[in-house]
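# any chance you could fold what I've pasted below:
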Amino acid sequence: MSKPGFTALVILICLVVISLLSGIGTLRLVTLFCMPFLMMLPVFGIANLLGRRPPFAWSIYALWSALWCGSVLIECYLSFRYGLQPQSRQVVESLVNAPASEAREYAASLPLPFVMATALSAGLAWALVRLGQKTGEKIFPTTSPGKGKVVLAVALIALPLIAHKNVIVMRADPVTFWPSILREGRAMQEAQTALTKQRLSARDHISEWKPIYTGPAQKTFVLVLGESSNRWDWSLYGYPRKTTPNLDAMRDHLLVFEDVISSYGNTLNEMTRILTSATKSDDESWRTEPSIITLAKQAGYKVFWLSNQSFVYANAMFGEDADVFRLVYDGRVNRHDDSHDEKLLPELSQALQDPAPLKFIVLHTLGSHESYAARYPDSFAVFNEAQDAVSQEMADNWFWIRAARNNYDNSILYTDYVLSRAIGLVSKIRNSDSSLLYLSDHAQDVGHLTASFGHQFFLESGFTVPVILWRNRPDFPTASEKALTTRPYQSDVMDWTLLSLLDISTAKDRPELNLVGPGYQPQPREIAHKAYIPGKSHRVEK
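Numbering: from 1, shown residues only. Next up, the predicted model:
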């Protein structure tokens with residue numbers, strides 16, 4: 001075997017092994033690895049027409065093969081780390097909503113894989129071109145084209161084009177596949193523009209809801225929206241590391257809900273369900289029905305949206321509906337910025353001092369969003385060198401997974417600090433019914449059930465979220481209130497609990513979906529369209 005042929009074979013075998021390990025399906029695998037040979041045919045056809053070796057055609061093929069290799073590696077990465085395909089809705093939505101600077105920062109966070117992918121792509125492009133040239137010289141000698149050769153050339157050029165009519169082949173070719181992703185993304189952006197208009201018209205439906213405030217003359221409710229926090233890493237929930245020491249100390253004054261899961265594994269989908277009447281089964285009403293923000297305003301609340309997130313979509317959809325919108329995020333709009341959540345505390349303090357008798361304050365935190373190490377000040381990096389039960393449990397994981405878990409736990413420790421400070425500020429309010437609810441939009445798998453870290457859309461480690469409630473009341477919680485903490489719940493119906501905590505009744509009330517109400521009834525829950533059973537389903541072990 002020639003040197004180029006041997007090199008191409010070795011690289012292709014490496015790619016096949018990587019693809020198999022990442023979980024790419026057999027049909028997809030076969031289609032992908034037929035593409036480099038299918039796309040050689042037009043070059044052979046051009047050679048037959050010209051009667052000589054066409055260097056320009058081989059140069060184009062070299063570029064194509066490098067793109068193909070890079071595309072395969074991207075697909076392997078998405079499949080291995082997130083269990084997703086490039087055309088998955090979550091991937092397209094993330095690409096649409098992520099600024100270019102965040103995309104660059106994300107790529108820069110993977111320097112070794114990027115260098116290896118570049119080297120593999122360049123090496124494969126060279127090897128395939130040399131292999132194709134040698135093969136072409138043997139099969140199609142560079143002689144003057146006759147009638148038969150013209151027919152053969154046309155057939156060789158046309159065959160790949162005809163094959164691309166098949167969507168499976170089209171998706172295996174980066175030149176046709178990624179533009180289709182971009183078109184889908186543009187369509188999604190247009191849909192978001194239309195959504196803005198829909199949300200404006202949704203205010204017209206408020207009269208149908210007839211929201212009425214039924215509580216005391218003064219009330220303050222603080223909703224803290226966490227980000228990417230898994231309750232499995234909270235010592236408040238039994239995690240062996242002391243990641244929530246402040247909340248642990250006040251546990252007797254908290255309701256710690258033990259069995260809440262998110263309905264989606266990403267922020268965009270979950271936020272729109274938490275704060276509107278939309279659910280996993282009724283997935284579109286969030287576009288046309290009023291949000292908790294607008295209902296609270298109609299009922300008499302002054303609403304504050306205080307955000308430390310550059311998530312333009314959520315800020316535009318909910319923040320701009322609030323009476324007061326403050327964005328404390330001061331980074332460069334990428335995931336590695338260290339815009340720490342404690343910057344929200346002065347804004348919270350100022351909002352609490354507002355003279356409005358009814359105040360609804362939302363804190364949208366960065367929480368434990370990747371990159372974990374950027375989510376906390378250096379003084380909270382206490383688990384980096386920890387030798388404890390968690391480090392022993394993680395000993396068999398790759399070193400970067402162990403490092404990610406340590407950084408993740410540090411971010412939970414910082415969340416505990418910010419939350420305890422927030423509760424301290426609210427506790428100083430006098431002559432007002434005041435309370436604070438914390439919940440995370442979704443969780444993260446950080447070496448829990450997989451050998452990876454980040455979003456998880458199929459295993460429960462991407463959905464098990466912490467939910468805690470604090471009330472400024474001496475007897476809170478009572479024994480009957482503590483009994484509420486074992487209720488199974490899914491956060492896509494959290495809006496009914498929020499309305500209850502805000503003391504707002506509506507013409508469309510759903511008491512069976514109120515986590516803290518007497519009319520609560522357990523509802524079926526699911527992850528990835530399959531019924532969820534805590535600790536039994538959705539737990540494929542690493």
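# isn't there a helix covering residue 208?
Yes - looking at residue 208 with DSSP: H, G, I helix; E, B strand; the rest coil, it is inside a helix.
# how about the strands in the stretch 401-542 of the chain?
Taking DSSP state E, counting those that start in this stretch as the criterion, the stretch 401-542 of the chain carries its strands at 433-440, 445-446, 453-454, 467-471, 489-490, 504-505, 526-527, 530-531.
# can you say which of the ones you listed is packed in most?
strand 445-446 (a mean of 28; mean count of other C-beta atoms under 10 Å). C-beta: built from backbone N, CA, C; applies to glycine.
# rewinding a little: out of the strands of the stretch 401-542 of the chain, flag the one nearest residue 384.
Among the strands of the stretch 401-542 of the chain, the nearest to residue 384 by C-beta to C-beta is strand 445-446 (14.3 Å).
# for the closest one, name the packing helices and strands.
Packing partners of strand 445-446 (3 or more C-beta pairs under 8 Å, 6 or more residues apart in numbering; DSSP states H and E): helix 399-427, strand 453-454.
# can I get these in TSV including mean pLDDT and distance to residue 231?
What follows is the helices and strands packed on strand 445-446, written out as TSV (pLDDT from 0 to 100; distance: least, C-beta to C-beta, whole Å):
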stretch	mean pLDDT	distance to residue 231
helix 399-427	96	10
strand 453-454	88	17
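# tell me which of those is the most buried.
Comparing those by mean neighbour count (mean count of other C-beta under 10 Å), helix 399-427 ranks first with a mean of 21.
# now that helix and strand 467-471, what's the angle there?
Interaxial angle, helix 399-427 versus strand 467-471 (axes from the mean of the first three to the mean of the last three C-alpha atoms, to 10 degrees): 20 degrees.
# how does this structure divide into domains?
Listed domain ranges for the chain are 3-189, 216-531 (source: automatic domain parsing).
# can I assume residue 375 is in contact with residue 365?
No - between residue 375 and residue 365 there is no contact under C-beta atoms under 8 Å: 9.3 Å.
# ok so, going back, lowest average pLDDT across the strands of the stretch 401-542 of the chain?
Per-segment mean pLDDT for the strands of the stretch 401-542 of the chain reaches its minimum on strand 453-454, at a mean of 88.
# what pairs with that strand, parallel or antiparallel?
According to DSSP bridges, strand 453-454 forms sheet pairs with strand 445-446 (antiparallel).
# name the surrounding residues that touch the strand it pairs with.
Applying C-beta atoms under 8 Å, 6 or more residues apart in numbering, the contact partners of strand 445-446 are 230, 233, 372, 401, 404-405, 408, 452-456, 459, 461-462.
# return the closest of those residues with respect to residue 134.
residue 452 (40.3 Å).
# quick check: that closest one touching residue 83?
No - contact criterion C-beta under 8 Å: residue 452 and residue 83 do not qualify, at 9.2 Å.
# quick revisit: redo the helices and strands packed on strand 445-446 as TSV? Include distance to residue 296.
Formatted as TSV, those follow (distance: least, C-beta to C-beta, whole Å):
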stretch	distance to residue 296
helix 399-427	17
strand 453-454	34
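# for residue 523, find the nearest of those.
helix 399-427 (27.5 Å).
# could you say what helices and strands the closest one packs with?
Other elements packing on helix 399-427 under the criterion 3+ C-beta pairs under 8 Å, 6+ apart are strand 219-226, helix 245-249, helix 344-352, helix 389-393, strand 433-440, strand 445-446, strand 453-454, strand 467-471.
# what angle separates it from strand 433-440?
On the basis of the same axes, to 10 degrees, helix 399-427 is oriented at 170 degrees to strand 433-440.
# what angle do helix 399-427 and strand 219-226 make?
For helix 399-427 against strand 219-226, the angle by the same axes, to 10 degrees is 170 degrees.
# overlap of the contact sets of residue 375 and residue 365?
By C-beta under 8 Å, 6+ apart, residue 375 and residue 365 have these common neighbours: residue 341.
# quick one on the thing from earlier: need the strands of the stretch 401-542 of the chain in CSV (columns: distance to residue 219).
As requested, the strands of the stretch 401-542 of the chain are exported to CSV (distance: least, C-beta to C-beta, whole Å):
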stretch, distance to residue 219
strand 433-440, 5
strand 445-446, 38
strand 453-454, 39
strand 467-471, 11
strand 489-490, 23
strand 504-505, 10
strand 526-527, 35
strand 530-531, 38
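# ok, which of these comes nearest residue 176?
strand 453-454 (28.3 Å).
# what's in contact with that closest one?
So strand 453-454 is contacted by 81, 82, 370, 401, 404, 405, 408, 444, 445, 446, 447 (C-beta under 8 Å, 6+ apart).
# quick one: contacts for the second one?
Spelled out, that is residue 82. 90, 91, 454, 455, 456, 457.
# cool, and the fourth one?
Under the criterion of C-beta under 8 Å, 6+ apart, the contact partners of residue 401 comprise 394, 446, 447, 451, 452, 453.
# repeat that with 10 Å
For residue 401, the contact set (C-beta atoms under 10 Å, 6 or more residues apart in numbering) comprises 394, 446, 447, 448, 450, 451, 452, 453, 542.
# how much space between the fifth one and residue 458?
Same thing as residue 450. Here residue 450 is placed at a distance of 10 Å from residue 458 (C-beta to C-beta, to the nearest Å).
# the two: which is more packed in?
Neighbour comparison, residue 450 and residue 458: the larger count goes to residue 450, with 23 against 20 (by other C-beta atoms under 10 Å).
# on that earlier part again, closest to residue 244 out of the strands of the stretch 401-542 of the chain?
strand 467-471 (9.5 Å).
# what lines up beside the closest one in the sheet?
In the sheet, strand 467-471 lines up against strand 254-257 (antiparallel), strand 433-440 (antiparallel) (DSSP bridges).
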